[in-house]
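In: can you look at this prediction? I've put the sequence above it.
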Amino acid sequence: MEYDLKELFERFTTDGTYLSGEPFGSGHIHETFHIRTVEEDKDDYLLQKLNSKIFRNVPELQDNIERVTVHLHKKISAIPGSDIKRECLQMIPAKSGKSWITDSNGSFWRMFIFIADHRSYDIVDSPGKAFEGGRAIGRFQALLSDLPGKPLFETIPSFHDVEKRIDGFMRILREDPAGRVKATEAETYFILKRTDDMKIIHKLGREGKIPVRITHNDTKFNNILFDANDKSLCIIDLDTVMPGYFHSDFGDAIRTGANISAEDEKNLLKVKMDISLFAAYAKGYLSEMSNTLNDVEKEYLAFAPLLMTYEQSLRFLADYIDGDKYYKIHHEHHNLERTRAQIRLLESMEEQYGAMKKIIEELLLN
Ligand code: ADP
Ligand code: GN1
Ligand code: MG
């Protein structure tokens, strides 16, 4: 789809003249553009067309992001030596005064300052980066723990409620809208075999043993930006910051940051969780969070990556069977390939679960 990016850009209160706009990043949800400005000394911008099929209430979503970024801004600016423009997302208000605009098709757009000179990793290749990622997510959770005001709006209801995800999966299996159930029996069997085991964290949550916190809920490793020296810089993609369990963030970052291959790797022999990346991430995370987690949260930390990889396998498979309605896909069987890679990754975690538990126990002793 062609957009008049210049016209859209000029509806925001920008500092700088439009030079060019091009698609940017590898996110699965929004349409994202890097807007360059003519002036060398002015910021570039990140313009996004929001996926409002997924985010049904954009004003509430934007209100969450404003509250979160204002709070982070206040706290990060108070840290000596911080570089606020690059360590915190900053939304640009539209000329209307709102934090978004709508185009002639009714689509919503928003804009951020482009965080200059950053690195982003779809695959992590060193324990140093994994450690930094863990530290960044830990710090993010810690900084938000005292967000004032009412609870954040639930931008996607029951987003990480695996019980509801399983119920939804059963419904899609019954309906078989794209006629793909027969061809995915092996993957479906793998998912159904583990349903009971995967409900444990939510059960502990219901019993009040694991508290509801403020969490990011989409800690895919490429949502952590790094600087040129590979120090973590900024957590982005704040659409799903809302009430949740710490385990979702820990687990999803390991799912994406300790897998030695791509999320959709076709050669399953290449898919594996690297235990040294797991250990490094956990060390970074616990350096920020070990005093905040309660005993039950600690006990189930090593399980979190298994749960999140399970949930992701289920979500990709459900979307494939449903006829590819949710995730952007790049070719016909993409969601099935993603499912298979995630299933293989979960098997690799299951093989190493004993070692993962031991690493967490030892880190907590130090
Ligand atoms: P999606 O939900 O589609 O993943 P994101 O908000 O993560 O959307 O944005 C997509 C990509 O755009 C990110 O993976 C990152 O590469 C880039 N990005 C997002 N925000 C910024 C920013 N403020 N500065 C620079 N790059 C950004
Ligand atoms: C989506 O937006 P992005 O690409 O960072 C998805 C995550 C999935 C991820 C899988 C709002 O993340 O939940 O884990 O794809 N975001 C949403 O790659 O559904
Ligand atoms: Mg993203």
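Out: Sure, I can see it. Numbering: from 1, shown residues only. Ligands and ions are numbered 1, 2, ... in the order given.

In: and Arg11, how close does it get to ligand 1?
Out: 18 Å (C-beta to the nearest ligand atom, to the nearest Å). C-beta coordinates here come from the backbone N, C-alpha and C atoms, glycine included.

In: kindly report the same for Lys182.
Out: Where ligand 1 is concerned, Lys182 sits at a distance of 32 Å (C-beta to the nearest ligand atom).

In: give me the neighbour count for that residue.
Out: Lys182 is flanked by 8 other residues according to other C-beta atoms under 10 Å.

In: show the pLDDT at it.
Out: Note on Lys182: pLDDT of 98.

In: do Gly27 as well
Out: 89.

In: Three-state assignment for it, please.
Out: coil (DSSP: H, G, I helix; E, B strand; the rest coil).

In: ok, it - contacts?
Out: 222, 237 (C-beta atoms under 8 Å, 6 or more residues apart in numbering).

In: now do whichever strand or helix holds Glu187: which elements does it pack against?
Out: Assessed by DSSP states H and E, Glu187 sits inside helix 185-193. Applying 3 or more C-beta pairs under 8 Å, 6 or more residues apart in numbering; DSSP states H and E, one finds that helix 185-193 makes contact with helix 304-321, helix 334-351.

In: quickly compare these and say which is most buried.
Out: Each of the helices and strands packed on helix 185-193 was scored by mean neighbour count; the highest is helix 304-321, a mean of 25, by mean count of other C-beta atoms under 10 Å.

In: is ligand 2 within reach of that one?
Out: Yes - contact between helix 304-321 and ligand 2, assessed by C-beta under 6 Å from any ligand atom, occurs at Gln312.

In: show me what that helix is packed up against.
Out: Helix 304-321 packs on helix 162-175, helix 185-193, helix 246-257, helix 334-351, going by 3+ C-beta pairs under 8 Å, 6+ apart.

In: can I get those helices in JSON lines with distance to His202 and mean pLDDT?
Out: JSON lines is the format used below for the helices and strands packed on helix 304-321 (distance: least, C-beta to C-beta, whole Å; pLDDT from 0 to 100):
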{"stretch": "helix 162-175", "distance to His202": "6", "mean pLDDT": "98"}
{"stretch": "helix 185-193", "distance to His202": "16", "mean pLDDT": "98"}
{"stretch": "helix 246-257", "distance to His202": "10", "mean pLDDT": "98"}
{"stretch": "helix 334-351", "distance to His202": "18", "mean pLDDT": "99"}
